[in-house]
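# got a predicted structure here, sequence first:
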Amino acid sequence: MFSLLIVPVTFLTVAYFYKGKELSDKKKIKAFFEITKVCVQHKGEIQYPVFLKQTEDDISTTFVYRLPLGVPSQLIQKLAQVLEEGLYKPVMISFQQRELFIRVFQQCIPEKWHWSNELLREKTWDVIIGRALDRMIYHDFEKTPHMCVSGMTRFGKTVFLKNIMTSLILQQPDHVKLYVIDLKEGLEFNPYRDLLQVEEVAENPMQAFGATRFSISV
């Protein structure tokens, strides 16, 4: 019960002590250290993380602290949820030895964004499949030549596969060959049929059987 209540109680406490004041993220983080007791007691003295520096980039601000000796790593890991809820921003926490890195992002991961040529990695088999807070996520078909895509109807599986096909064709036009099984009678992938890189678009089970046998033999 205590672990469930600590986050809302923390917010109420911060709101009470700093009511009417506009706090920077740095000051809010300091307040959360104190309220959630991210500290150690040594010789009767309470020691909190010490601020070292602050760096910024286009998407985030990183606050670096020196941890007092003896702070449990489990306590630091739980701090991420408290900070996200308190700052109303996505937060990533990491630590190396005694340095704590709190990276506060300006925006959440977008639900969708537009595909563009800038996402391509020419002459590679790396295909864009998503994005994280701090980077794009790619799948390397050279290292892992298999992928399983699943999900509910109308949740974007076909569009996702089209993006993969388009990326592979544009990045490796002379080396990729595609055998497509489209059991919607070719409704989705038939427009790709005339591309040089597309060997076949199978539209029914019999065609799919033949295409599968041929692709395996190749």
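Perfect, I can see it now.
# show me where pLDDT drops low in the protein?
1-22, 216-218 (pLDDT under 70).
# quick one: the strands in it, in order.
For the chain, the strands defined by DSSP state E occupy 40-42, 45-47, 50-56, 60-66, 91-96, 99-105, 126-131, 136-140, 178-181, 198-202.
# show me which residues of the fifth one are buried.
The reference is to strand 91-96. 91-93, 95 (16 or more other Cβ atoms under 10 Å). Glycine gets a C-beta too; all of them are placed from N, C-alpha and C.
# likewise for the fourth one?
For strand 60-66, the neighbour count (16+ other Cβ under 10 Å) marks 60-65 as buried.
# which one of those is nearest to Tyr192?
Comparing the buried residues of strand 60-66 against Tyr192 with Cβ to Cβ places Ser60 closest, at 38.8 Å.
# ok, now which ones touch the closest one?
103-106, 133-134 (Cβ atoms under 8 Å, 6 or more residues apart in numbering).
# let's see it at 7 Å
The neighbours of Ser60, taking Cβ atoms under 7 Å, 6 or more residues apart in numbering as the test, are 103-106.
# so Gln54 makes contact with Ile29?
No: counting by Cβ atoms under 7 Å, Gln54 stays clear of Ile29, with 10.4 Å between them.
# mutual contacts of the two, please.
Phe63.
# so what's Gly186 up against?
Shown in contact with Gly186 (Cβ under 7 Å, 6+ apart): 201, 203.
# dihedrals phi and psi, it?
With angles defined as degrees, to the nearest 10, Gly186 sits at phi 80, psi 10.
# how far away is it from Tyr192?
Relative to Tyr192, Gly186 is positioned 10 Å away (Cβ to Cβ, to the nearest Å).
# domain-wise, how is the chain divided?
Domain assignment of the chain by automatic domain parsing yields the ranges 2-105, 117-217.
# for Glu111, which of these is the nearest?
domain 117-217 (10.9 Å).
# quickly list what Glu200 is bridged to.
Counting by DSSP bridges, Glu200 is bridged to Tyr179.
# contact partners for it?
Counting by Cβ under 7 Å, 6+ apart, Glu200 has contacts 179-180, 211.
# show me the contacts for Lys26.
Residues in contact with Lys26, defined by Cβ under 7 Å, 6+ apart, are 54, 63.
# again with Thr61
Applying Cβ under 7 Å, 6+ apart, the residues contacting Thr61 are 25, 54, 104.
# distance-wise, check the second one relative to Glu34.
Summarising the geometry, the distance separating Gln54 from Glu34, computed by Cβ to Cβ, is 19 Å.
# same question, the first one
Applying Cβ to Cβ, one obtains 15 Å for the distance of Asp25 from Glu34.
# likewise for the last one?
Using Cβ to Cβ, Val104 is found at 18 Å from Glu34.
# neighbour count winner among these two?
Taking neighbours as other Cβ atoms under 10 Å, Val104 and Glu34 compare with Val104 leading, 20 against 14.
# tell me who's in contact with the more buried one.
By Cβ under 7 Å, 6+ apart, the neighbours of Val104 are 25, 60-61, 87, 89, 91.
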